[in-house]
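Peer 1: I'll drop the sequence and a predicted model, then ask my questions.
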Amino acid sequence: MTAPPAIEVADVAVRYGEVLALDGVSLSIAPGRVTGLVGMNGSGKSTLFKAIMGMVRPDRGHVLIDGAAPVAARRRGLVGYVPQSEDVDWAFPVSVRDVVMMGRYGRQGLTRRARPADHVAVADALDRVELTGYAERQIGQLSGGQRKRAFVARGIAQDARILLLDEPFAGVDKRSEATIVRLLRELADDGRTVLVSTHDLHALPRLADEAVLLLHRVLFHGDVSEALRPDHLARAFGLDVLDLDLDRDQDQDLNREGPA
Ligand SMILES: Nc1ncnc2c1ncn2[C@@H]1O[C@H](COP(=O)(O)OP(=O)(O)OP(=O)(O)O)[C@@H](O)[C@H]1O
């Protein structure tokens, strides 16, 4: 018997005024896999994450997380979210340890009093992302890659079954990227579900078990090697992407605007 999907997106449409960001997205993500979400700027990746998190309400369709509605799933701590850097107030006066402890809030009730188990979970998560020595720093005083790792640690401390990461490799150094890739693999091998958006097509084969190409709707969902076929990439990114040599040993950052 196949396991029920960890994330089920059914015919979701999201409109911001005149802009149709998602136009009938349907997607079924199995547990225990790393899925890469790929699409050009403006293709709707962040909006899809927000719809899955229940942070934007679809105009049409629905999302189920482990069979629950997004807001209920979030309340139960089922899903962790690493937002795009632009969506975070880095001047906020919290330490790295505080950010990771936020992953434990759901277990602490209204008092938000940390118990020994919470401190152990936070220390363990910081260790896994190699940020133990940075725990007392204000979050904004970290490098881009370290900030991402701090948010990944929050998801680990939360013990979320499902982790969504919006562009975790944007502006990060190779060491942070390698740490994050390794961690995501470990989390998936542990039965967790990881959905990660990226522009970095080079990272995709070592990062993900499967890929979704998005352009306001799902163009392709399946094997990474097939997703990287020129005809698929051409549909997702425009025909001129066929000129790219994907074997070149450098990042292919397909960073460009999609149709509004
Ligand atoms: N709050 C908003 N108000 C109005 N339009 C929005 C809003 N958020 C996103 N959009 C528009 O919706 C479309 C999809 O945006 P979204 O941020 O989901 O794309 P994305 O694939 O995550 O892009 P990027 O790779 O640049 O982060 C874009 O045309 C964007 O301009």
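Peer 2: Sure thing, it's come through.
Peer 1: now do the strands in the chain.
Peer 2: Secondary structure of the chain (DSSP state E): strands at 7-16, 19-29, 34-38, 60-65, 79-82, 162-166, 193-197, 210-214, 218-223.
Peer 1: okay if I get those strands as CSV plus mean neighbour count?
Peer 2: For glycine as for every other residue, the C-beta is placed from the backbone atoms N, C-alpha and C. Below are the strands of the chain laid out as CSV (neighbours: other C-beta atoms under 10 Å):
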stretch, mean neighbour count
strand 7-16, 18
strand 19-29, 18
strand 34-38, 25
strand 60-65, 18
strand 79-82, 24
strand 162-166, 24
strand 193-197, 25
strand 210-214, 24
strand 218-223, 16
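Peer 1: hey, least reliable of these by pLDDT?
Peer 2: Sorting the strands of the chain by mean pLDDT places strand 79-82 lowest, at a mean of 89.
Peer 1: which secondary structure elements does that strand contact?
Peer 2: Secondary-structure packing of strand 79-82 (3 or more C-beta pairs under 8 Å, 6 or more residues apart in numbering; DSSP states H and E): helix 45-53, helix 144-158, strand 162-166.
Peer 1: so which of these gets nearest H199?
Peer 2: Counting by C-beta to C-beta, H199 lies closest to helix 45-53 out of the helices and strands packed on strand 79-82; the figure is 9.4 Å.
Peer 1: can that closest one be said to contact the ligand?
Peer 2: Yes - Helix 45-53 is in contact with the ligand by C-beta under 6 Å from any ligand atom, via K45, S46, T47.
Peer 1: re earlier: save the strands of the chain as JSON lines, and put in distance to H119 too.
Peer 2: JSON lines is the format used below for the strands of the chain (distance: least, C-beta to C-beta, whole Å):
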{"stretch": "strand 7-16", "distance to H119": "31"}
{"stretch": "strand 19-29", "distance to H119": "32"}
{"stretch": "strand 34-38", "distance to H119": "29"}
{"stretch": "strand 60-65", "distance to H119": "28"}
{"stretch": "strand 79-82", "distance to H119": "19"}
{"stretch": "strand 162-166", "distance to H119": "22"}
{"stretch": "strand 193-197", "distance to H119": "26"}
{"stretch": "strand 210-214", "distance to H119": "36"}
{"stretch": "strand 218-223", "distance to H119": "40"}
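Peer 1: of these, which is nearest A125?
Peer 2: Here strand 79-82 is closest among these (C-beta to C-beta), at 10.8 Å.
Peer 1: and for the closest one, what are the contacting residues?
Peer 2: Applying C-beta atoms under 8 Å, 6 or more residues apart in numbering, the contact partners of strand 79-82 are 49, 52-53, 65, 70, 73, 103, 148, 151-152, 154-155, 158, 160-166, 168.
Peer 1: in the helix or strand of the chain with the lowest mean pLDDT, which residues are buried?
Peer 2: Ranked by mean pLDDT, DSSP states H and E, the weakest helix or strand in the chain is helix 105-108, scoring a mean of 78. Across helix 105-108, burial judged by 16 or more other C-beta atoms under 10 Å covers R107.
Peer 1: same question for stretch 169-188.
Peer 2: 169-170, 172, 176-177, 179-181, 183-185, 187-188.
Peer 1: number of nearby residues for G140?
Peer 2: Applying other C-beta atoms under 10 Å, we find 13 residues neighbouring G140.
Peer 1: which residue is the nearest non-sequential neighbour of it?
Peer 2: Excluding its sequence neighbours, the residue lying closest to G140 (C-beta to C-beta, 6 or more residues apart in numbering) is W90, at 3.7 Å.
Peer 1: need the contact list for the residue lying closest to G171 once chain neighbours are set aside.
Peer 2: Take G171 and drop its neighbours on the chain: the residue closest to it by C-beta to C-beta, 6+ apart is G144, 4.1 Å away. Shown in contact with G144 (C-beta under 8 Å, 6+ apart): S85, A170, G171, V172, D173, S176.
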